[in-house]
Structures are given as structure tokens and as C-alpha cells.
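S.K.: Sequence and predicted structure, then a few things I'm wondering about:
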Amino acid sequence: MTGTDARRGVAAQGARRAAAGAPAVWSRDFALFFLARAVARLGDTMLPVALAAGLLEHGYGAGAVGLAMASTVAAFAGLVVFGGVVADRFSTRRLMIGADLVRVGTQSLAAGLFFTGHVVLWQICAIGVVNGVAGAVFQPGVASTVPRLAADVQGANGAIRIAESAAQLAGPAVAGVLVGLASPGGLFAVHAATYTLSALCLLLLRLPPPAAGDRATTGSALRAFRDDLVDGWREFRSRTWLWGVIAVWCLYMIAVWGPTVPLVATEVVRHHGPRAYGLLNSALGAGTVAGGLLALRLRPRRMLRAGALALFAFFGFPAAVGAGLGVPAMAAGAALAGAGMSFWGVMWATTVQTQVPADVLNRIHAYDVAGSLAMMPVGQALAGPAAGALGAGHVLLTAGAVSLVVAATLLAIPAVRDLVRADPGTPAP
């Protein structure tokens, strides 16, 4: 399918949904999905605080925190492509519910380990691997669920981004308080409860049937699975804007986001305490709320160009922490970074969901996620050794500089810079 055909197909799908009386964004089912994403995000934003505080309390350092985070991301990135194939052949709702229930069990087990004081790094990493596998099954279905629930895809993505951002605003602050008043084990128990509520919301969700022409959910086993993988890869590589962004994002993950997450966590917790780290992440969440609201208002014709310009704002987050500035300055940098990342995220998600045919969307999204995150565990795992050799401050300052290079590189790729949006871009009534 050509880019013109894809845009015509999306426009036609939107017209059919509007003619059928489908809501632009809000409905009972979208509200349930919205709540499921918000609650799950609330728990996920608590996890870095729990890992940093819990592992540091038991004598581990930045390298251990990085490895614990990397274990989840590595399993997720390695298997999400296969999850995309499965999601294109089976019920995405059931797969997401099952993945949530698996994570209820793993986080309950982690809570028990921290409650009893039996904290061994390899066990925490093993739990992270299982969480990554569950996430690989869950995530591909998110991309195809949004267009099936709302006619205004950008508005729906913006609303979900605001919900997730609001959760990020509250989650780390609550986590910092819980760690101070209770223990990391209690925090893991709360995380398990958020997955329980997410699974319940998805259980109550009535997902509309796929549009005509989507894949059937039957087929032979190994050969069909292999053919689906090959077909998904062919669709992926045929879009220069798609693989171009992913290629640039590999650099971003290994040199920017990968080291930023564990080093910011350990540096802030070590020098300012868990509550300061919670405040910093809440500022990041406030920024992402602002970015999501901006994405609801602005409907740029060239979405990826607008998103890449917003990414320049990320520089202030790692640079402020790396420079050893005070908590207010670090919080301001985090807020600006959150706004830029949130706006880019809505532009990118909407572009993928509207430029790609529905029958391969789960697989394309899986390739997108796998490529985006492929280098993240490398960056996280190398964060500790790099900080030991160069100093955490220098590594974070370098990450800030590379973030500027990434944004400039995206703008330098014509297929990314000049891609015209596929949907009409009209705001929801």
C-alpha cells in the first residue's frame, strides 16, 4: 500500500466511523481503556523509585539499578515483535488481560522478597524478565485498540497521554512518601494492585470488531507465524519515515534515555533523597500533561516535523542533573523535557496509527517498539560502568548534548520532515 493509499484508507475509515455515529473520542469503552492505561502508568512510575530505594537500601549501587531496569526492557524489546504477530491473529483484549494478570503475580512476588529482606539481584532481574515478556504481549494491542475506539485518533492519543502524564505526576510523589513511611515492599504491593485494576477495566471493555479487511484470527502454526513476521518486516521497511525514525531512536536510547533513567534516579536519591526524586518525576509528569494538552490543541499538517522540534526541550533534564543544579532547576528541566517528549509521543503514535493499514498495525507497532527500545537496555546496563569511569555528571551532560543531535537529525531526514498527516486532523467536538 502506498502512502497515498494509506491516507485515503484512513480518511475513509474516519468517514465511516463518523457516519456510523462513532464518538470522536469519549465513550464508555474508551473511558475504560483510558482508566486502564492511567492506572497502569501510575504503578509503572512508582517502579523506578521502588527499585532505586530498595536496592540501595540492600547495599546495591547504580549498576544494579540499571541491570534491574534493563532486564525488563531487554525481554520486552526482544519479544515484542512476536507479540505483534500474536496480536494480529488473536483477541488483543484477552492478551492484554492475561499480561496484566501475570504482572500482578510477579510484582506480588517482588513485594514478598522485599518484605522478608531476601533481596538477591538475579531474582529481581528474573522478575523483570517475566514482566518484560508480559509487556511484549500487552503492548502491540494498544496501537490497534485506539483507532477502534475513537474516530479522532490524535485526540484519543492526546487524552491517553494526559492520563498517563497525570499518573506520572502523582505516582513518583506517592512512591517517595510510601518509601519513607512504609517500605519498598509496600510499594511493590501497590504496583501489583494497579495491574489488577487495569485488568478489570479491560475485562469490562467491549471492543468493536476489526474493520473489514483485517486479518482473520485463524491460521496454521509455524509457517504462518514466519510469514507474518516477514510480511510485517516488509511493511516496516517500505516506509522510510518509519525506519528512519527508529534508526535515529536507537542512538537516543543508548546515549540519552538509557543512561538518564538509572543515573538520574541514583544521583537524586543519593544526594537529595527519595522524596526529591519523587518531586523531580512529578515535574516530569506535569510537563507531559502540558505537552499532551498542547497536542490536543495543535493539529500540524506535518506532525513529525512538529514533534521533532519539540524534542529539543529534552536537553534540560539530564543537563540540569548532570550539572549538579538544585532541585528547583532540575524540576524545571524535567518539566520542559516532559512537555517535549509528550508532544512528540502523540505526534508519533498518531502518525503510525493513521499511516499504517489496520491489518498489519499490530506488527508494525511491534517493530516500532522493538526498534525504539532495542538499545535502551544497553544504555541502562552501561550507565553504571560509564558513571564509574567518567562520573555520573559527565555522562548526563553528554546525554543532554546527544538529545540535541537526535532532534536535529530527525529534521534533516526529508521523509520524516515532510511527511503529511493522513487523517483530516479536525479536533473533537
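M.R.: Ah, there it is.
S.K.: can we go C-alpha only for contacts and neighbour counts from here?
M.R.: Noted.
S.K.: Please name the residues that touch Leu202.
M.R.: Leu202 is in contact with 32-33, 36, 93, 96-97, counting by C-alpha atoms under 8 Å, 6 or more residues apart in numbering.
S.K.: Could you list the low-pLDDT ranges of this structure?
M.R.: Scanning the chain for pLDDT under 70 picks out 1-23, 88, 209-222, 225, 423-429.
S.K.: by contact count, what packs against the helix or strand Ser342 falls within?
M.R.: Element membership for Ser342 (DSSP states H and E) is helix 327-355. Judged by 3 or more C-alpha pairs under 8 Å, 6 or more residues apart in numbering; DSSP states H and E, helix 327-355 is in contact with helix 3-19, helix 140-149, helix 153-181, helix 274-297, helix 303-311, helix 316-322.
S.K.: Compute the inter-axis angle for the longest one and helix 327-355.
M.R.: In other words, helix 153-181. 140 degrees (axes from the mean of the first three to the mean of the last three C-alpha atoms, to 10 degrees).
S.K.: picking that back up, tell me which entries of the contacts of Leu202 lie within strands.
M.R.: Among those, DSSP state E puts none in strands.
S.K.: Dump those into a markdown table; add distance to Gly112 and neighbour count as well.
M.R.: Below are these laid out as a markdown table (distance: C-alpha to C-alpha, whole Å; neighbours: other C-alpha atoms under 10 Å):
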| residue | distance to Gly112 | neighbour count |
| --- | --- | --- |
| Leu32 | 30 | 19 |
| Phe33 | 30 | 24 |
| Ala36 | 25 | 25 |
| Arg93 | 29 | 20 |
| Met96 | 25 | 25 |
| Ile97 | 23 | 20 |
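S.K.: Turn the residues you listed into CSV, including distance to Leu284.
M.R.: CSV is the format used below for those (distance: C-alpha to C-alpha, whole Å):
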residue, distance to Leu284
Leu32, 25
Phe33, 23
Ala36, 21
Arg93, 30
Met96, 27
Ile97, 29
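S.K.: mind checking how far Thr409 is from Gly333?
M.R.: Applying C-alpha to C-alpha, to the nearest Å, the value for Thr409 to Gly333 is 22 Å.
S.K.: of these two, who's got more company?
M.R.: Gly333 (24 against 16; other C-alpha atoms under 10 Å).
S.K.: now that one: how far from Ala24?
M.R.: 34 Å.
S.K.: likewise Arg421?
M.R.: Distance from Arg421 to Ala24, by C-alpha to C-alpha: 18 Å.
S.K.: now do His394
M.R.: Distance from His394 to Ala24, counting by C-alpha to C-alpha: 47 Å.
S.K.: more neighbours, these two?
M.R.: Ala24 (21 against 17).
S.K.: tell me the contacts of Ile162?
M.R.: Going by C-alpha under 8 Å, 6+ apart, the list of residues near Ile162 reads 288-290, 292-293.
S.K.: which of those residues lies closest to Ala126?
M.R.: Using C-alpha to C-alpha, Thr288 comes nearest to Ala126 of the contacts of Ile162, at 30.9 Å.
S.K.: residues of the helix or strand containing Leu251 that come out buried?
M.R.: Per DSSP H and E, Leu251 falls inside helix 240-252. By neighbour count on 16 or more other C-alpha atoms under 10 Å, the buried set for helix 240-252 is 241-246, 248-252.
S.K.: So what's the residue count around Leu79?
M.R.: 18.
S.K.: measure Ala163 to Ser183 for me?
M.R.: From Ala163 across to Ser183, the span is 27 Å (C-alpha to C-alpha).
S.K.: Specify which residue of those two has the higher count of neighbours.
M.R.: Neighbours per residue (other C-alpha under 10 Å) separate Ala163 from Ser183, with Ala163 holding more: 24 against 19.
S.K.: Quick check: the spatially closest residue to that one that is not a sequence neighbour vs Gly98, distance?
M.R.: Distance criterion C-alpha to C-alpha, 6 or more residues apart in numbering; nearest residue to Ala163, sequence neighbours excluded, is Ala38 at 5.1 Å. Separation of Ala38 from Gly98 (C-alpha to C-alpha): 18 Å.
S.K.: Those two: which has the busier surroundings?
M.R.: Each of Ala38 and Gly98 has its neighbours counted (other C-alpha under 10 Å); Ala38 has more, 23 against 16.
S.K.: what's whichever strand or helix holds the more buried one packed up against?
M.R.: Element membership for Ala38 (DSSP H and E) is helix 28-57. If contacts are counted by 3+ C-alpha pairs under 8 Å, 6+ apart, helix 28-57 sits against helix 62-87, helix 153-181, helix 184-204, helix 258-272, helix 274-297.
S.K.: Now do the shortest one: which elements does it pack against?
M.R.: This points to helix 258-272. helix 28-57, helix 62-87, helix 274-297, helix 316-322, helix 376-390, helix 392-412.
S.K.: quick check: angle from that helix to helix 62-87?
M.R.: In this structure, helix 258-272 runs at an angle of 140 degrees to helix 62-87, with the same axes, to 10 degrees as the basis.
S.K.: List the contacts of helix 258-272.
M.R.: Contacts for helix 258-272 (C-alpha under 8 Å, 6+ apart): 48-49, 52-53, 61-62, 65-66, 69, 252, 274-277, 318, 321, 375-384, 387, 392, 395-396, 399.
S.K.: before we move on, back to that, so the residue nearest to Ala163 sits against Ala170, correct?
M.R.: No - under the criterion of C-alpha atoms under 8 Å, Ala38 is not in contact with Ala170, lying 10.9 Å apart.
S.K.: out of everything not next to it in sequence, what's closest to Ala159?
M.R.: Gly292 (7.1 Å).
S.K.: who's in contact with that neighbour?
M.R.: 158-159, 161-162, 165, 339, 342-343, 346.
S.K.: repeat that for 7 Å
M.R.: Contact analysis of Gly292 by C-alpha atoms under 7 Å, 6 or more residues apart in numbering lists 158, 161-162, 342-343.
S.K.: In CSV, list the helices and strands packed on helix 28-57 along with distance to Gly117.
M.R.: Compiled in CSV, those are given as follows (distance: least, C-alpha to C-alpha, whole Å):
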stretch, distance to Gly117
helix 62-87, 17
helix 153-181, 15
helix 184-204, 9
helix 258-272, 20
helix 274-297, 19
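S.K.: closest to Ala111 out of those?
M.R.: helix 184-204 (4.3 Å).
S.K.: Name the residues that touch the next helix or strand after that closest one?
M.R.: Scanning forward in sequence from helix 184-204 by DSSP H and E, the next helix or strand is helix 222-237. Helix 222-237 has contacts (C-alpha under 7 Å, 6+ apart) with 85, 242-243, 360, 363-364.
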